[in-house]
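Undergrad: dropping the sequence and predicted coords here.
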Amino acid sequence: QIQLVESGGGLVQAGGSLTLSCAASGGTLSNYVMGWFRQAPGKDRETVASISWNGGRTYYANSVKGRFTISRDNTKNTVSLQMDRLKPEDTAIYFCAADSGVGLSTRAETYDYWGQGTQVTVSS
């Protein structure tokens, strides 16, 4: 069973940048579609971005398109989320997740494995 651990969260001012990383153990990330999700207090979990097993296809939520970039390095078993031009509304707990299915899913319920999350706080 694959385990996922996120890192890189923190406090940043609006307009700043952060890079989140997700490291996998107990399995090979290249077997999975990977996604980043976020959940703000009192809100539903939101799909942020996802990436196909070889990085050839990506998906971004409209709210982050043009500001966030998802990438993966299957040789290092890691997935990253580069977040630029951050806004206070990006404040949330960010989770990475792995989907063993074949499609580029944007639905949280299709993802099989989840990390514990990392807090991102953007101050105005």
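TA: Yes, it's here. Numbers count the residues shown, from 1 in each chain.
Undergrad: in stretch 70-78, what's buried?
TA: Of all the residues in stretch 70-78, those buried under the rule 16 or more other CB atoms under 10 Å are 70, 72, 74, 77-78. C-beta: built from backbone N, CA, C; applies to glycine.
Undergrad: mind putting those residues in a markdown table, distance to Gly8 and secondary structure included?
TA: Formatted as a markdown table, the buried residues of stretch 70-78 follow (distance: CB to CB, whole Å; DSSP: H, G, I helix; E, B strand; the rest coil):
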| residue | distance to Gly8 | secondary structure |
| --- | --- | --- |
| Ile70 | 13 | strand |
| Arg72 | 15 | strand |
| Asn74 | 19 | coil |
| Asn77 | 16 | coil |
| Thr78 | 11 | strand |
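Undergrad: ok, so of the residues you listed, who is nearest Ile2?
TA: Checking the buried residues of stretch 70-78 against Ile2 with CB to CB, the nearest one is Asn77 at 9.2 Å.
Undergrad: could you find the residue nearest the spatial middle of the protein?
TA: The centroid of the chain falls nearest to Trp36 when counting by CA atoms, centre = their mean (2.2 Å).
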